[in-house]
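Visitor: curious how this folds, go ahead:
(one chain, ligands or ions: 2)
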Amino acid sequence: MKPPFTFRRILYSFPIILYPFLVNLTEFLAKTEPNLQKVILAFAESAKQIDSEIRTHSTDKAGTKNEFGEEQLALDVAADKIIFAELEKSGVVATAASEEQSEEKALNPDGEFSTACDPLDGSSLVDVNLAVGTIFGIWKSKKLIGETGRGLVAAGYAVYGPRTTFIIAIDSAPAEFTLQENGEWKLTIEKMEIGEGKMFSPGNLRACAENKEYLALLDFWAENGYQLRYSGGMVPDIHQILVKGKGIFSYPGSESCPAKLRLVYECAPLAYLVEHAGGASSDLEKSILDQEIQSLEQRTVVALGSQEEVERFEKFLTV
Ligand code: AHM
Ligand code: MG
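Guide: Ligands and ions are numbered 1, 2, ... in the order given. From the prediction side, this is the model:
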């Protein structure tokens with residue numbers, strides 16, 4: 001079933017000259033609780049600065065490793081600094097965590113929110129000039145441990161591609177804003193919805209050598225006329241599902257190639273967006289949103305996208 005015709009299609013057909021008349025992010029957030037607006041705008045402002053860094057910064061290694069022992073690019077470090085400076089400036093964030101740092105950072109003792117982010121997801125794709133992104137989740141609590149994705153009050157991401165876009169869901173279907181030359185974010189998709197459709201983004205194919213169930217599912221997709229769309233960046237891959245309104249992203253594991261995506265920085269925020277668009281998420285037992293955050297390093301098997309495809313993922317991989 002295709003997602004219903006929505007206002008978003010009308011926006012797509014707008015000539016670029018009419019963009020100045022479209023709603024901007026600040027106007028869109030007018031009815032959102034003021035302090036939550038501040039956090040969202042801090043991430044939106046960070047995205048603008050990160051976008052500019054990506055366009056001009058070198059892709060050199062920083063000579064440091066993150067919490068997970070992965071080599072950091074100077075860009076990873078720069079993106080992380082930008083976000084923490086903006087969150088601190090917002091004055092309403094109690095605790096912030098980032099994939100690039102080992103511990104949660106206390107920002108403002110009176111703050112009412114906790115945030116988690118992956119400042120530059122897919123940064124190894126920057127040198128080949130593929131799209132990358134920033135992922136974030138916002139909880140109304142002073143800490144992240146013990147929370148689940150159900151406690152998110154908003155989540156979003158930015159995509160740095162041929163265009164720079166900012167996607168946000170605040171207890172409603174995600175909306176897309178596009179960065180204009182004057183620095184404004186203009187609403188370009190009002191409501192993103194996921195229906196059913198034959199498109200797949202299969203991560204971690206290396207796991208197939210041991211995970212024969214995953215191999216069988218890939219065979220199913222290949223033999224049944226599915227369109228392969230995989231970029232190597234989780235953000236553009238999920239964005240594609242949200243914009244096209246169909247498909248699945250999967251990243252299971254095997255003994256020697258375990259699932260590597262992180263619950264708090266990547267999977268929970270993206271599951272929130274996908275589920276608010278009418279899609280589903282799974283860790284093979286339950287919705288990603290029901291998984292408790294026990295540590296910031298927690299990794300999880302993940303499938304996100306069309307409900308029927310996520311069910312199929314569970315059916316094939318549950319043995
Ligand atoms: P990163 O946070 O270190 O950039 O890794 C996350 C990325 C995702 O964007 C992408 O889906 C995945 O890693 C690809 O993984 P693989 O290295 O298995 O291709
Ligand atoms: Mg990442």
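
Visitor: let me see the contact set for residue 110.
Guide: residue 94 (Cβ atoms under 8 Å, 6 or more residues apart in numbering). Just so you know, the C-beta spots here come from the backbone N, C-alpha and C atoms, and that holds for glycine as well.

Visitor: that one and ligand 2, how far apart?
Guide: Distance of residue 110 to ligand 2, given as Cβ to the ion, to the nearest Å: 30 Å.

Visitor: same check, this time on residue 316
Guide: For residue 316, the distance to ligand 2 (Cβ to the ion) stands at 25 Å.

Visitor: give me the secondary structure label for that residue.
Guide: Here residue 316 is recorded as helix under DSSP: H, G, I helix; E, B strand; the rest coil.

Visitor: residues in contact with it?
Guide: Per Cβ under 8 Å, 6+ apart, neighbours of residue 316: 213, 214, 216, 217, 220.

Visitor: now, which of these lie within helices?
Guide: 213, 214, 216, 217, 220 (DSSP state H).

Visitor: would you map the strands across the stretch 151-300 of the chain?
Guide: 152-160, 164-169, 175-179, 185-189, 199-202, 227-228, 248-251, 280-282 (DSSP state E, counting those that start in this stretch).

Visitor: with mean pLDDT as extra columns, can I get these in JSON lines?
Guide: Converted to JSON lines, these look like this (pLDDT from 0 to 100):
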{"stretch": "strand 152-160", "mean pLDDT": "98"}
{"stretch": "strand 164-169", "mean pLDDT": "98"}
{"stretch": "strand 175-179", "mean pLDDT": "98"}
{"stretch": "strand 185-189", "mean pLDDT": "97"}
{"stretch": "strand 199-202", "mean pLDDT": "98"}
{"stretch": "strand 227-228", "mean pLDDT": "98"}
{"stretch": "strand 248-251", "mean pLDDT": "98"}
{"stretch": "strand 280-282", "mean pLDDT": "98"}
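
Visitor: got JSON lines for these, with distance to residue 87 too?
Guide: Below are the strands of the stretch 151-300 of the chain laid out as JSON lines (distance: least, Cβ to Cβ, whole Å):
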{"stretch": "strand 152-160", "distance to residue 87": "14"}
{"stretch": "strand 164-169", "distance to residue 87": "16"}
{"stretch": "strand 175-179", "distance to residue 87": "19"}
{"stretch": "strand 185-189", "distance to residue 87": "18"}
{"stretch": "strand 199-202", "distance to residue 87": "30"}
{"stretch": "strand 227-228", "distance to residue 87": "37"}
{"stretch": "strand 248-251", "distance to residue 87": "27"}
{"stretch": "strand 280-282", "distance to residue 87": "26"}
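
Visitor: so can I have CSV of those showing distance to residue 126 and mean neighbour count?
Guide: Compiled in CSV, the strands of the stretch 151-300 of the chain are given as follows (distance: least, Cβ to Cβ, whole Å; neighbours: other Cβ atoms under 10 Å):
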stretch, distance to residue 126, mean neighbour count
strand 152-160, 9, 26
strand 164-169, 14, 23
strand 175-179, 18, 22
strand 185-189, 22, 22
strand 199-202, 20, 24
strand 227-228, 23, 12
strand 248-251, 20, 26
strand 280-282, 27, 24
